[in-house]
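J.: just need the structure, nothing else, for what follows:
(chains A and B)
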Amino acid sequence: MLATITVNDEKCNDPLSCRKCLLVCPTYVLGLGTSAGAHKFKEIEPEHFIVRGVRFDKCTGCMKCAEVCPKNAVQVSF
Amino acid sequence: MCEFCIEHGQGTKWYLQTKNYAEELLNEERKRYIADFYEKFEEMAANGLAALDKLVPADLAAAKAGRSSLAEGMKEQHFGQVIPLEDVEKILDFTTSITRVPCACRSVLHGVYDDRYCFNVATFKSDFWPKGVFEQWPDYSKDIEILTKEEAKKEFQKLDRNGLVHSVWTYHTPFIAAICNCASRDCLGFRMMERGQRPFFKAEYVAAIDIEKCNGCRDCVKICPFGAISYSPTLQKCSIDQMKCFGCGVCRGVCALDAIAFLDRNAIPVLAKEW
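T.: Now for the predicted structure:
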């Protein structure tokens, strides 16, 4: 049973300054990337940063990422 | 729930069920098994270790990938489960006899014969372990101690602070009669684990760090017997890999900030299948 995590990018509009879900995940399932391709970080507008679930094999389904999100943008499903 | 909870505990913690300690289970076959267990422990351990150490890398990979035959076979005979201090105390509360004995693993692995880390418990005739089992070996029985519940609880608290993992063990499952205090280099069960075979279940719990409270002191990293906790210099926080966490709970004892929560393994979907 693998979990899937989806992030609503409209609600999660500034992940770089929030990072709560990235920090809380005990197995680092979530990753921070950009929707503007690979550039040097500072050249990218904050709204182009996105959070995605990447290492689903490590996800325990503890729901901490969904709980900690201030904008209710993270969904965990099985 | 681990498979013993389902089989021997009606869906609750099997090691808290008094029926798994009952005198009725102590039939002739079990008595013989217990006598043989102590009589032949050195021989069994030496043969078992030799067999494990002979595994070539390919066998080792196979043993790690699949459930191993040796540990699987031990489920019927002598199998364990990690339990936290509070569950040890619950067990001590319903026992009538507590006998502290030298650890057989440590005698085999380190040649240390009087390290008393094992507690034999019974819920019936209070001299079963000291008289019924150990008296026949005077060399061994000189090192045993009879403890009251209060004394035993104090000893377990001390062991917990020193980072020892508590575990219950069966003598012909489901009969439970021993609580061990293990450490990675000193315990045959841990040695087997290094070779891809684990004769005990993880606990019914897992630990989790509250990153808001954690100050990055790393005391928990040092004490974790399973290497499940790591430290991030960037974040200056510790975090627990819950896939590696066995739920022994010793990390809680060293956290000065009370930042480690202890969760029910069964409430976390993937971990509920991780034994």
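J.: check which helix or strand the residue nearest the centre of chain A maps to.
T.: Most central in chain A under CA atoms, centre = their mean is A:Val51, positioned 3.1 Å from the mean C-alpha point. A:Val51 is part of strand A:49-53, with elements assigned from DSSP states H and E.
J.: which elements pack onto the helix or strand following that strand?
T.: Where DSSP H and E defines the elements, the next helix or strand beyond strand A:49-53 is helix A:64-68. Judged by 3 or more CB pairs under 8 Å, 6 or more residues apart in numbering or on different chains; DSSP states H and E, helix A:64-68 is in contact with helix A:20-24, strand A:74-77. In this view, the C-beta of every residue, glycine as well, is placed from N, C-alpha and C.
J.: can you redo these as JSON lines with mean pLDDT, distance to chain B and mean neighbour count?
T.: JSON lines is the format used below for the helices and strands packed on helix A:64-68 (pLDDT from 0 to 100; distance: least, CB to the nearest CB, whole Å; neighbours: other CB atoms under 10 Å in any protein chain shown):
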{"stretch": "helix A:20-24", "mean pLDDT": "90", "distance to chain B": "6", "mean neighbour count": "20"}
{"stretch": "strand A:74-77", "mean pLDDT": "93", "distance to chain B": "9", "mean neighbour count": "16"}
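J.: which one of the ones you listed lies nearest to B:Tyr140?
T.: Closest approach to B:Tyr140 among the helices and strands packed on helix A:64-68 is made by helix A:20-24 (50.5 Å; CB to CB).
J.: which residues does stretch B:24-38 contact?
T.: Here stretch B:24-38 makes contact (CB atoms under 8 Å, 6 or more residues apart in numbering or on different chains) with B:44, B:77-78, B:104, B:124, B:128, B:133-134, B:136-137, B:140, B:171-172, B:174-175, B:177.
J.: quick one: least confident helix or strand in the chain?
T.: All of this is about chain A. Least confident helix or strand, chain A: strand A:30-34 with a mean of 88, by mean pLDDT, DSSP states H and E.
J.: to clarify, I was referring to chain B.
T.: helix B:57-65 (a mean of 67).
J.: and the residue of chain A nearest chain B?
T.: Chain B sits closest to A:Gly61 of chain A, with a gap of 3.6 Å, by CB to the nearest CB.
J.: in contact with the nearest residue to that residue once chain neighbours are set aside, which residues are there?
T.: Leaving aside its chain neighbours, A:Gly61 sits nearest to B:Pro269 (3.6 Å; criterion: CB to CB, 6 or more residues apart in numbering or on different chains). Neighbouring residues of B:Pro269 by CB under 8 Å, 6+ apart: A:1, A:3, A:60-61, A:78.
J.: let's see if you can find the most crowded of those.
T.: Highest neighbour count within those: A:Thr60, with 24 neighbours (other CB atoms under 10 Å in any protein chain shown).
J.: how near is it to A:Phe78?
T.: As judged by CB to CB, to the nearest Å, A:Thr60 and A:Phe78 stand 11 Å apart.
J.: what do these two both touch?
T.: Joint contacts of A:Thr60 and A:Phe78 (CB under 8 Å, 6+ apart) are A:3, B:269.
J.: could you check the pLDDT of whichever residue of chain B sits closest to chain A?
T.: Scanning chain B for proximity to chain A using CB to the nearest CB identifies B:Pro269 as nearest, at 3.6 Å. At B:Pro269, the pLDDT value in this model is 89.
J.: gap between the residue of chain A closest to chain B and B:Cys248?
T.: Using CB to CB, A:Gly61 is found at 22 Å from B:Cys248.
J.: so how far is the first residue of stretch A:61-70 from its last?
T.: Using CA to CA, to the nearest Å, one end of stretch A:61-70 lies 19 Å from the other.
J.: could you do stretch B:212-223 as well?
T.: Start-to-end span of stretch B:212-223 (CA to CA) is 21 Å.
J.: how distant is that stretch from the center of its chain?
T.: 24 Å (CA atoms, centre = their mean, to the nearest Å).
J.: that stretch close to chain A?
T.: No. Using CB under 8 Å from any CB of the partner chain, we find that stretch B:212-223 stays clear of chain A, coming within 9.2 Å at best.
J.: near chain B, which residues of chain A?
T.: Counting by CB under 8 Å from any CB, chain A sits next to chain B at A:1, A:3, A:23-24, A:26-27, A:58-62, A:64, A:78.
J.: and the closest residue to B:Glu135 other than its chain neighbours, what is it in contact with?
T.: Spatial nearest neighbour of B:Glu135, chain neighbours left out: B:Ser141 (5.5 Å); criterion: CB to CB, 6+ apart. Applying CB under 8 Å, 6+ apart to B:Ser141 gives the contacts B:130, B:134-135.
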